[in-house]
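Colleague: Here is a sequence with its predicted model. Questions after.
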Amino acid sequence: QRLKAAVHYTVGCLCQDVAEDKDVQFSKQTIAAISEITFRQCGTEVCIEYFLILCRHAKRSTVTTEDVKLLARRSNSLLKYITQKSEEISSSNMQQKEKKKKKSSAAKEGRTYGEQEAAVTESEDSNMA
């Protein structure tokens with residue numbers, strides 16, 4: 001039931017994005033119909049079985065984004081969307097890791113994060129001169 005609600009919410013958000021881009025409106029019934037079709041098309045039980053088979057075959061216990069992409073390969077638009085979102089998440093995660101590294105190295109040196117950034121900026125400026 002929670003999964004179905006999550007699908008409905010996501011479809012609603014996507015419809016809202018499309019509505020803003022294309023200057024159209026979606027009725028609540030349309031969003032509900034798209035949600036139901038999406039939920040049925042995904043066939044959650046089939047997806048779970050598919051992921052279990054993939055993980056067993058790869059001798060893993062974790063579903064990866066590559067597994068999800070493999071499942072979505074028949075729909076070019078869905079595959080493109082999943083790939084784009086995956087790259088955005090990866091990029092965001094890398095940026096957060098870099099910030100944490102800077103913070104921890106600044107703490108080790110006894111500086112605050114702002115002082116560390118100022119020191120980095122100063123060294124970059126002196127290297128450019």
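Modeller: Yes, it's here.
Colleague: List of residues touching stretch 20-27?
Modeller: 15-16, 18-19, 34 (CB atoms under 8 Å, 6 or more residues apart in numbering). C-beta here means a position set from N, CA and C on the backbone, and glycine is covered the same way.
Colleague: how about 7 Å then?
Modeller: Contact with stretch 20-27 is made by 15, 19, as judged by CB atoms under 7 Å, 6 or more residues apart in numbering.
Colleague: Okay, buried residues for it please.
Modeller: Neighbour counts over stretch 20-27 (16 or more other CB atoms under 10 Å) mark residue 26 as buried.
Colleague: end to end, how far does it reach?
Modeller: By CA to CA, to the nearest Å, the extent of stretch 20-27 from end to end equals 14 Å.
Colleague: Please state the offset of that stretch from the chain centre?
Modeller: Centroid displacement of stretch 20-27 relative to its chain, using CA atoms, centre = their mean, to the nearest Å, is 24 Å.
Colleague: Likewise for stretch 25-45?
Modeller: Centroid separation for stretch 25-45 versus its chain: 21 Å, with CA atoms, centre = their mean.
Colleague: Please identify the buried residues of it?
Modeller: If you call a residue buried by 16+ other CB under 10 Å, then stretch 25-45 has these buried ones: 26, 31, 34-35, 38-39.
Colleague: cool, and stretch 71-81?
Modeller: For stretch 71-81, using 16+ other CB under 10 Å, the buried residues are 71-72, 78-79.
Colleague: try stretch 78-95
Modeller: Those would be 78-79, 82, for stretch 78-95 by 16+ other CB under 10 Å.
Colleague: how far away is residue 18 from residue 35?
Modeller: As judged by CB to CB, to the nearest Å, residue 18 and residue 35 stand 14 Å apart.
Colleague: I misspoke; the intended subject was residue 104.
Modeller: Where residue 35 is concerned, residue 104 sits at a distance of 43 Å (CB to CB).
Colleague: what does residue 70 give?
Modeller: Distance, residue 70 to residue 35, by CB to CB: 24 Å.
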